[in-house]
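S.K.: what follows is a predicted structure for the sequence shown.
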Amino acid sequence: MVRQHIEPALGKHPLVRLSPQHIQAFLHDKLRSGLSAKMVRHLHATLRGSLNVAMRWGLIVRNVASLTSPPRLQTKEIHPMGQDEVRVFLETIKGDRLEVLFLVALSLGLRRGELLGLRWQDVDF
(Lines give C-alpha, C1' and ligand atoms only; values in the text may rest on other atoms or scores of the structure.)
Protein backbone atom coordinates (compact mmCIF):
# COMPACT_ATOMS: atom_id res chain seq x y z
CA MET A 1 0.00 0.00 0.00
CA VAL A 2 2.77 2.40 0.90
CA ARG A 3 4.92 1.70 -2.17
CA GLN A 4 2.08 1.58 -4.67
CA HIS A 5 -0.31 4.26 -3.38
CA ILE A 6 0.90 6.45 -0.52
CA GLU A 7 4.51 7.17 -1.44
CA PRO A 8 3.88 8.13 -5.09
CA ALA A 9 1.10 10.53 -4.10
CA LEU A 10 2.44 12.02 -0.86
CA GLY A 11 6.16 11.22 -0.90
CA LYS A 12 7.08 14.56 -2.46
CA HIS A 13 5.82 16.43 0.63
CA PRO A 14 8.19 16.71 3.61
CA LEU A 15 6.60 15.22 6.74
CA VAL A 16 6.54 18.55 8.58
CA ARG A 17 4.75 20.23 5.65
CA LEU A 18 2.13 17.51 5.15
CA SER A 19 -1.33 18.98 5.76
CA PRO A 20 -4.82 17.56 6.32
CA GLN A 21 -5.72 18.97 2.90
CA HIS A 22 -3.01 16.84 1.26
CA ILE A 23 -4.36 13.72 2.98
CA GLN A 24 -7.99 14.50 2.16
CA ALA A 25 -7.15 15.19 -1.50
CA PHE A 26 -5.19 11.92 -1.61
CA LEU A 27 -8.19 9.98 -0.25
CA HIS A 28 -10.57 11.61 -2.75
CA ASP A 29 -8.17 10.96 -5.64
CA LYS A 30 -7.95 7.28 -4.70
CA LEU A 31 -11.73 7.00 -4.60
CA ARG A 32 -12.02 8.71 -7.98
CA SER A 33 -9.37 6.38 -9.43
CA GLY A 34 -11.68 3.44 -8.80
CA LEU A 35 -10.44 2.04 -5.49
CA SER A 36 -13.17 0.82 -3.17
CA ALA A 37 -14.09 2.78 -0.06
CA LYS A 38 -12.79 -0.13 2.02
CA MET A 39 -9.37 0.00 0.35
CA VAL A 40 -9.19 3.78 0.78
CA ARG A 41 -10.04 3.30 4.47
CA HIS A 42 -7.13 0.83 4.71
CA LEU A 43 -4.83 3.39 3.09
CA HIS A 44 -6.01 6.00 5.58
CA ALA A 45 -5.43 3.64 8.52
CA THR A 46 -1.94 2.78 7.26
CA LEU A 47 -1.08 6.44 6.82
CA ARG A 48 -2.51 7.36 10.23
CA GLY A 49 -0.53 4.56 11.91
CA SER A 50 2.69 5.56 10.17
CA LEU A 51 2.26 9.19 11.16
CA ASN A 52 1.58 8.12 14.76
CA VAL A 53 4.99 6.44 14.78
CA ALA A 54 6.59 9.54 13.28
CA MET A 55 4.94 11.62 16.01
CA ARG A 56 6.24 9.29 18.77
CA TRP A 57 9.72 9.56 17.28
CA GLY A 58 9.49 13.35 17.37
CA LEU A 59 9.62 13.80 13.61
CA ILE A 60 6.27 15.65 13.53
CA VAL A 61 4.21 17.43 16.20
CA ARG A 62 0.75 16.29 15.07
CA ASN A 63 -0.77 13.51 13.04
CA VAL A 64 -2.55 15.24 10.16
CA ALA A 65 -4.13 11.96 9.00
CA SER A 66 -6.16 11.80 12.21
CA LEU A 67 -7.64 15.19 11.28
CA THR A 68 -9.14 13.81 8.06
CA SER A 69 -12.22 11.71 7.37
CA PRO A 70 -11.96 8.43 5.51
CA PRO A 71 -14.82 7.58 3.13
CA ARG A 72 -17.90 5.89 4.53
CA LEU A 73 -18.45 2.26 3.72
CA GLN A 74 -21.49 1.59 1.62
CA THR A 75 -23.60 -1.31 2.75
CA LYS A 76 -24.64 -3.66 0.02
CA GLU A 77 -27.97 -5.40 0.10
CA ILE A 78 -27.62 -9.18 0.02
CA HIS A 79 -29.66 -11.08 -2.55
CA PRO A 80 -29.61 -14.82 -1.80
CA MET A 81 -30.15 -17.26 -4.65
CA GLY A 82 -33.66 -18.48 -5.31
CA GLN A 83 -34.59 -22.15 -5.70
CA ASP A 84 -34.33 -22.02 -9.49
CA GLU A 85 -30.91 -20.38 -9.32
CA VAL A 86 -29.71 -23.00 -6.82
CA ARG A 87 -30.95 -25.77 -9.10
CA VAL A 88 -29.09 -24.30 -12.10
CA PHE A 89 -25.97 -23.81 -9.98
CA LEU A 90 -26.02 -27.43 -8.79
CA GLU A 91 -26.37 -28.68 -12.36
CA THR A 92 -23.54 -26.44 -13.51
CA ILE A 93 -21.02 -27.61 -10.89
CA LYS A 94 -21.61 -31.34 -11.43
CA GLY A 95 -18.30 -33.01 -12.18
CA ASP A 96 -16.23 -29.92 -11.33
CA ARG A 97 -13.18 -30.64 -9.20
CA LEU A 98 -14.47 -28.09 -6.64
CA GLU A 99 -18.02 -29.47 -6.58
CA VAL A 100 -17.78 -30.52 -2.93
CA LEU A 101 -16.43 -27.11 -1.92
CA PHE A 102 -19.35 -25.41 -3.68
CA LEU A 103 -21.83 -27.78 -2.01
CA VAL A 104 -20.39 -26.99 1.42
CA ALA A 105 -20.57 -23.27 0.68
CA LEU A 106 -24.14 -23.54 -0.50
CA SER A 107 -25.26 -25.81 2.34
CA LEU A 108 -23.63 -23.91 5.20
CA GLY A 109 -23.60 -20.39 3.81
CA LEU A 110 -19.86 -20.05 4.26
CA ARG A 111 -17.94 -17.18 2.75
CA ARG A 112 -14.93 -17.64 0.47
CA GLY A 113 -12.35 -17.01 3.21
CA GLU A 114 -14.07 -19.44 5.55
CA LEU A 115 -14.17 -22.10 2.86
CA LEU A 116 -10.56 -21.68 1.82
CA GLY A 117 -9.45 -21.83 5.45
CA LEU A 118 -11.11 -25.19 6.09
CA ARG A 119 -8.88 -28.13 6.94
CA TRP A 120 -9.81 -31.78 7.50
CA GLN A 121 -9.02 -31.42 11.21
CA ASP A 122 -11.76 -28.76 11.39
CA VAL A 123 -14.42 -31.26 10.27
CA ASP A 124 -16.31 -32.88 13.15
CA PHE A 125 -18.29 -35.86 11.90
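M.R.: Sure thing, it's come through. Numbering: from 1, shown residues only.

S.K.: need the helices for this protein, in chain order.
M.R.: 7-10, 20-32, 37-56, 83-93, 99-108, 112-116 (DSSP state H).

S.K.: any residues touching the lowest-mean-pLDDT helix or strand in the chain, and which ones?
M.R.: Counting by mean pLDDT, DSSP states H and E, the chain has its least confident helix or strand at helix 112-116, which shows a mean of 89. Identification of contacts with helix 112-116 by C-beta atoms under 8 Å, 6 or more residues apart in numbering yields 101, 104-105. In this view, the C-beta of every residue, glycine as well, is placed from N, C-alpha and C.

S.K.: measure the spatially closest residue to Ala65 that is not a sequence neighbour to Gly117 for me?
M.R.: In this structure, Ala65 finds its nearest non-sequential neighbour in Arg48, 4.0 Å apart by C-beta to C-beta, 6 or more residues apart in numbering. Going from Arg48 to Gly117 by C-beta to C-beta, to the nearest Å gives 29 Å.

S.K.: which of those two has more residues huddled nearby?
M.R.: Arg48 (17 against 10; other C-beta atoms under 10 Å).

S.K.: quick one: which of the helices of the chain is nearest Thr75?
M.R.: Nearest of the helices of the chain to Thr75, taken as C-beta to C-beta: helix 37-56 at 10.7 Å.

S.K.: what's the closest one in contact with?
M.R.: Contacts for helix 37-56 (C-beta under 8 Å, 6+ apart): 1-2, 5-6, 10, 15, 18, 23, 26-27, 30-31, 35, 60-66, 68, 70-74.

S.K.: hmm, which of those are the buried ones?
M.R.: Buried members of the contacts of helix 37-56, scored by 16 or more other C-beta atoms under 10 Å, are 5-6, 10, 18, 23, 26-27, 30, 35, 60, 63-65, 68, 70-71.
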